[in-house]
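S.K.: pasting the sequence and the predicted coordinates here, then a few questions.
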Amino acid sequence: MLNEKELPFLAEKGHIVSLVGGGGKTTLLYAMADHCARKGWRVLVITTTHIRQPAACYAPDKAALSALWQTGHYVVIGTPAENGKLTLPPPQLLRRMAQADAVFVEADGAKHYPCKLPAAHEPVLLPQSDIVLAVAGLSALGKPLREVCFRYDTIRPQFLAVAPDAPLTPPMLAQLLASTQGGRKAVGDRQFYAVLNQADTPELQQQGIQIQQLLRQQDIPCVLTHFKEEERA
């Protein structure tokens, strides 16, 4: 369950929240959208990169969008692409952001890796977005960076001079999330949160708390989340 004390923007209308990183972004995206829609808000879900087209709650046009809002559902909009994916919505639908009480944006891709380093063209943040969440999966901890961190083999960041075969530790993950070459890339003066997903076991929860403390020392709010198997996108 999402906590509005930890994520206060979920209690405030008018935000455009972008999710970057890996480790369960889409699950978190839909969980936040559902949380706000259940309060009677008009909620939009979009992507600036690619997202799988959902079977339900997808609106191909304005009429479908309005109908879904009237029934209390959040609405996913986008332009159909290859392999059952959606990309950025066409302008006539994107303009409906102005009527939404909350907009949630998948603004990054990680090829199902638990964490990632952004390439030169990533993330794709809309100018209107005022909040960025950098997401990482705690399942990555203790495993070789090349296996759990998307693009680590090719980018090899200077701020984290560690070999690709080195195991990912809690301090390393904190660095990846906090760096302006990592989770905070292109954030600028937007509100920024780190979200540690997959806090599925007591051990991972304790490691997550360690990362949370390291990030809070840098004045970065950090939240631990856990979703059951049936809740995952």
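M.R.: Right, received. Where do you want to start? Quick caveat, the model's predicted, so the values are computed rather than measured. Residues are numbered from 1 along each chain as shown.
S.K.: roughly how far apart are residue 176 and residue 226?
M.R.: Distance from residue 176 to residue 226, counting by Cβ to Cβ, to the nearest Å: 20 Å. (Each C-beta comes from the backbone N, C-alpha and C, glycine too.)
S.K.: brain fart, residue 58
M.R.: With the distance defined as Cβ to Cβ, residue 58 ends up 27 Å from residue 226.
S.K.: what do you get for residue 136?
M.R.: 14 Å.
S.K.: residue 200 now?
M.R.: Plainly put, residue 200 is 6 Å away from residue 226 if you go by Cβ to Cβ.
S.K.: so for the helix or strand harbouring residue 16, mean pLDDT?
M.R.: Element membership for residue 16 (DSSP states H and E) is strand 15-21. Per-residue pLDDT values over strand 15-21 give a mean of 98.
S.K.: what strands line up against that strand, and which way round?
M.R.: Here strand 15-21 is paired, per DSSP bridges, with strand 102-106 (parallel), strand 131-137 (parallel).
S.K.: quick check: which element contains the residue of the chain most remote from its centre?
M.R.: The C-alpha centroid of the chain is most remote from residue 63, which lies 27.9 Å away (Cα atoms, centre = their mean). Assigned by DSSP H and E, residue 63 belongs to helix 62-70.
S.K.: after the longest helix anywhere in the chain, next one along is what?
M.R.: Counting residues, the longest helix in the chain under DSSP state H turns out to be helix 202-216. The first helix or strand that comes after helix 202-216 along the chain, using DSSP H and E, is strand 222-224.
S.K.: who's in contact with that next one?
M.R.: The contact list for strand 222-224, computed with Cβ atoms under 8 Å, 6 or more residues apart in numbering, reads 3, 6-7, 177, 193-196, 199, 205, 208-209, 211-212, 215-216.
S.K.: list just the nearest of those residues to residue 24.
M.R.: Of all the contacts of strand 222-224, residue 195 has the smallest distance to residue 24: 8.4 Å, by Cβ to Cβ.
S.K.: what sits closest to that closest one if chain neighbours are left out?
M.R.: Once flanking residues are discounted, residue 195 sits nearest to residue 135: 4.7 Å by Cβ to Cβ, 6 or more residues apart in numbering.
S.K.: the one you found pairs with what?
M.R.: Beta-bridge partners of residue 135, counted by DSSP bridges, are residue 21, residue 195.
S.K.: residues contacting it?
M.R.: 19, 20, 21, 22, 23, 24, 25, 28, 194, 195, 197.
S.K.: by neighbours, which of those residues wins?
M.R.: Most neighbours among the contacts of residue 135, by other Cβ atoms under 10 Å: residue 21, with 32 neighbours.
S.K.: who touches the strand holding residue 16?
M.R.: 9, 25, 28-29, 32, 48, 97, 102-108, 110, 115-116, 118, 122-123, 125-126, 128-136, 177, 183, 185.
S.K.: what helices and strands are in contact with the helix or strand of the chain with the lowest mean pLDDT?
M.R.: Least confident element among the helices and strands of the chain, by mean pLDDT, DSSP states H and E: helix 152-155 (a mean of 90). In terms of contacts (3 or more Cβ pairs under 8 Å, 6 or more residues apart in numbering; DSSP states H and E), helix 152-155 is packed against helix 145-148.
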